[in-house]
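Participant: Here is the input, now give the coordinates:
(chains A and B)
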Amino acid sequence: EAGVAQSPRYKIIEKRQSVAFWCNPISGHATLYWYQQILGQGPKLLIQFQNNGVVDDSQLPKDRFSAERLKGVDSTLKIQPAKLEDSAVYLCASSFGTRVGDEQFFGPGTRLTVL
Amino acid sequence: ELKVEQNPLFLSMQEGKNYTIYCNYSTTSDRLYWYRQDPGKSLESLFVLLSNGAVKQEGRLMASLDTKARLSTLHITAAVHDLSATYFCAVVPRDSNYQLIWGAGTKLIIKP
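Facilitator: Residues are numbered from 1 along each chain as shown, chains lettered A, B, ... in the order given. The predicted structure follows:
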């Protein structure tokens, strides 16, 4: 079974620029997550989708971050405008079910550097 | 406040030695995950522990869960270099909307 796909793998931008990340979850997985992982820390949940609806976006900085999951499959995460502190790895994960705590499968991540 | 604390945060050890990583959490939970992350790579699920007293083993790694003490351990037996990685525990709080609360990770370096 194919895993979670993410692109790009690396991105370098200057502050105040915009950037977008793409995620394709494992086929048939209902729930999709975006995490931010700063170097030396555990992942921090930004947003969770169930099918194409948002379940939790309480930690998403909505003044600059946005995300969508069209047709309940692929998802994009956008940052506009980027700040230096947004430098991190952005991980996408998916889970088959919709229960709290279902096992999550992670993609390879996108490493963002903001200069 | 929901907290997950891992101990130690950094561990350097010799091949062939045994060691234990600890994961303490502040909330009631019946489900805990251990993940492994290699440098520059994503997170790989190692174990899911679902009940008090649960023990799982895979090769040289063994994980256990004590829900009464709110403690999980990841024990490494006769460490080998290939086990060098960062290990995270993540807890599913009971009666909460939170999905996973993550520890900060334990960076493990095993020297040949």
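
Participant: Chain B against chain A: which residues are in contact?
Facilitator: Contact residues, chain B versus chain A (CB under 8 Å from any CB of the partner chain): B:4, B:31, B:33, B:40-45, B:48, B:88, B:90, B:92, B:96-100, B:102-105. From N, CA and C alone the C-beta is placed, and that goes for glycine too.

Participant: The worst-scoring helix or strand of chain A on mean pLDDT close to chain B?
Facilitator: In chain A, no helix or strand scores lower on mean pLDDT, DSSP states H and E than strand A:53-56, which sits at a mean of 90. Yes: for strand A:53-56, a contact with chain B is found by CB under 8 Å from any CB, at A:D56.

Participant: Who are the packing partners of that strand?
Facilitator: strand A:44-50 (3 or more CB pairs under 8 Å, 6 or more residues apart in numbering or on different chains; DSSP states H and E).

Participant: ok, the strand it packs on: who's next to it in the sheet?
Facilitator: strand A:31-37 (antiparallel), strand A:53-56 (antiparallel) (DSSP bridges).

Participant: which of the ones you listed is buried the deepest?
Facilitator: strand A:31-37 (a mean of 24; mean count of other CB atoms under 10 Å in any protein chain shown).

Participant: Report the mean confidence score over that strand.
Facilitator: Computed over strand A:31-37, the mean pLDDT rounds to 95.

Participant: cool, and stretch B:101-112?
Facilitator: For stretch B:101-112, mean pLDDT is 94.

Participant: With stretch A:77-96 instead?
Facilitator: 96.

Participant: Any idea how far it is from the middle of the chain?
Facilitator: Relative to its chain's centre, stretch A:77-96 lies at 5 Å (CA atoms, centre = their mean, to the nearest Å).

Participant: can you pull the buried residues of that stretch?
Facilitator: Buried residues in stretch A:77-96, counted by 16 or more other CB atoms under 10 Å in any protein chain shown: A:77, A:79, A:82, A:86-95.

Participant: with these in mind, which one is nearest to chain B?
Facilitator: Using CB to the nearest CB, A:L91 comes nearest to chain B of those, at 6.4 Å.

Participant: show me the contacts for the residue nearest in space to the middle of chain A.
Facilitator: Chain A has A:W34 as the residue nearest its centroid, 2.8 Å off, counting by CA atoms, centre = their mean. Neighbouring residues of A:W34 by CB atoms under 8 Å, 6 or more residues apart in numbering or on different chains: A:C23, A:L45, A:L46, A:I47, A:Q48, A:A67, A:S75, A:L77, A:Y90, A:L91, A:C92.

Participant: Need the residues you listed in TSV (columns: distance to A:V114).
Facilitator: Formatted as TSV, the contacts of A:W34 follow (distance: CB to CB, whole Å):
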residue	distance to A:V114
A:C23	20
A:L45	21
A:L46	16
A:I47	20
A:Q48	24
A:A67	18
A:S75	21
A:L77	15
A:Y90	12
A:L91	17
A:C92	19
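
Participant: what sits up against stretch B:105-112?
Facilitator: A:40-42, B:6-15, B:21, B:37, B:76, B:79-81, B:83-88.

Participant: sorry, back to before: next, count neighbours for the closest residue to the residue nearest to the centre of chain A other than its chain neighbours.
Facilitator: Closest residue in space to A:W34, ignoring its immediate chain neighbours: A:L46 at 4.5 Å, by CB to CB, 6 or more residues apart in numbering or on different chains. Per other CB atoms under 10 Å in any protein chain shown, the neighbour tally for A:L46 reads 20.

Participant: Please apply the same query to B:Y87.
Facilitator: Neighbourhood size, B:Y87 [other CB under 10 Å]: 23.
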